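Enquirer: quick one, what's the 3D model for this:
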Amino acid sequence: MRYLFACLISAIIFISCKKDSTTPDTSAPQTMYFPPNNGSTWETTSMTALNWNQNAIQPLKDYLQLKNTKSFMILVNGRIVLEEYFNGHNATATSAWNSAGKTLVTAAVGIAQQEGLVNINNKVSDYLGTGWTSEPLAKENLITLKHLLTMTSGINDESNLVIKPNLTYLADAGTRWSYHNVFQKLMDVVGEAGNQAYETYFNNKLRNKIGMDGSWNEGLIFTIYHSNTRSMARFGLLALNKGKWGNEQVLNETFFTASVTSSQNINPSYGYLWWLNGKTNFMVPGGQTVYPGALVPNAPMDMYAAMGAGDQRIYVVPSKKMVVVRMGDASDPANPSFALSGFDNELWQKINAVIQ
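Expert: Model prediction:
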């Protein structure tokens, strides 16, 4: 009996030791988490549980502060791993998304399409009436909602001020990629199709569904979204989950997938107002130069991003179940071209030192 008991104990010890040496660390939750829509509760995951290099955290923070950052967050599986505020900014303070907010408009258009209010392959004039541009009617009628989503309207890009006298013909829709604020006509389309103010539709169908705060404020050039940092992270989490929030598919997955896929061959690094990494070449706002290689070489190749002036960023990385948010002022005010300033690449070098 003693022999059998000793053998049993030995077997248990052997099994336990084997499990300890081969079973992956499960201290970091692997399930996707969505923070509740009300209240300040948001689960966290420690860097220790993720086996991240904590010695690289301070250099990352130092870099962020040096580069005029207001706030920075990293989520993994929806849980906060890092949340930092700089230069007097705090968790309740709001800041402008700038052009990163274009992706919010994409989502609103997608929701309007799934509700049968719009079809992105239809002419813009079907919703706004003819004469919404100063183009010849035949040329105006070439412009669809999809052309506005993909920056291929062909409208003259000499001015980003979206008033009718500036909306003149430069090229046939679909033949030229050019970054232009005419995208905001999509907001008018959604409002007209929904028979309500665009912001009312946006709040009911998107903002309130995922617990964001914030509002649309008319700026000098176009209407800009302002929110706190966690609201930006919430939208990034929705994007990570292809339009799903908890058990609800807020935005159709097929539409979202198309949004983060090359939308045309002229600039393969652009989807529906989303920037895409890992493509063969890219173009940037303000020019027609085609640059070889990935948009952000140091970032994961499957990353897609919402990018705005002043280096407002939402990076979404499906392969790492990760969302990264940066709000602040321009990292280099003397070099505002976001893709050529080097900021994104340098930032990802610092992030990689932490997560790898």
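Enquirer: quick one: the helices in the stretch 201-350 of the chain?
Expert: 208-210, 229-240, 253-259, 343-355 (DSSP state H, counting those that start in this stretch).
Enquirer: want to throw those helices into CSV with mean neighbour count, mean pLDDT and distance to residue 118?
Expert: C-betas here are computed from N, CA, C, even on glycine. Below are the helices of the stretch 201-350 of the chain laid out as CSV (neighbours: other CB atoms under 10 Å; pLDDT from 0 to 100; distance: least, CB to CB, whole Å):
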stretch, mean neighbour count, mean pLDDT, distance to residue 118
helix 208-210, 16, 97, 19
helix 229-240, 24, 98, 20
helix 253-259, 17, 98, 11
helix 343-355, 19, 97, 32
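Enquirer: got these as TSV, with distance to residue 183 columns?
Expert: Below are the helices of the stretch 201-350 of the chain laid out as TSV (distance: least, CB to CB, whole Å):
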stretch	distance to residue 183
helix 208-210	22
helix 229-240	17
helix 253-259	13
helix 343-355	21
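Enquirer: residue 316: which of these is closest?
Expert: helix 229-240 (4.9 Å; CB to CB).
Enquirer: which secondary structure elements does the closest one contact?
Expert: strand 69-76, strand 79-85, helix 102-114, helix 208-210, strand 244-245, strand 304-308, strand 312-317, strand 322-328 (3 or more CB pairs under 8 Å, 6 or more residues apart in numbering; DSSP states H and E).
Enquirer: re the thing from before, of the helices of the stretch 201-350 of the chain, which approaches residue 278 most closely?
Expert: Ranking these by proximity to residue 278 (CB to CB) places helix 343-355 first, at 12.6 Å.
Enquirer: quick one on the thing from earlier: with distance to residue 344 added, can I get the helices and strands packed on helix 229-240 in CSV?
Expert: Output for the helices and strands packed on helix 229-240, formatted as CSV (distance: least, CB to CB, whole Å):
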stretch, distance to residue 344
strand 69-76, 13
strand 79-85, 18
helix 102-114, 16
helix 208-210, 25
strand 244-245, 27
strand 304-308, 8
strand 312-317, 7
strand 322-328, 9
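Enquirer: of these, which is nearest residue 41?
Expert: strand 79-85 (10.9 Å).
Enquirer: give me the contact list for whichever helix or strand comes after the closest one.
Expert: Beyond strand 79-85 on the C-terminal side, the first helix or strand identified by DSSP states H and E is strand 95-96. Strand 95-96 is contacted from outside by 70-71, 89, 217, 219, 224-229, 308, 310, 312, 327-328, using CB atoms under 8 Å, 6 or more residues apart in numbering.
Enquirer: which of the helices of the stretch 201-350 of the chain sits closest to residue 273?
Expert: helix 253-259 (7.5 Å).
Enquirer: can you list contacts of that closest one?
Expert: Contacts for helix 253-259 (CB under 8 Å, 6+ apart): 103, 106-107, 110, 113-114, 149, 239, 242-244, 271-274.
Enquirer: mind running it again at 7 Å?
Expert: 106, 110, 113, 114, 242, 243, 271, 272, 274 (CB atoms under 7 Å, 6 or more residues apart in numbering).
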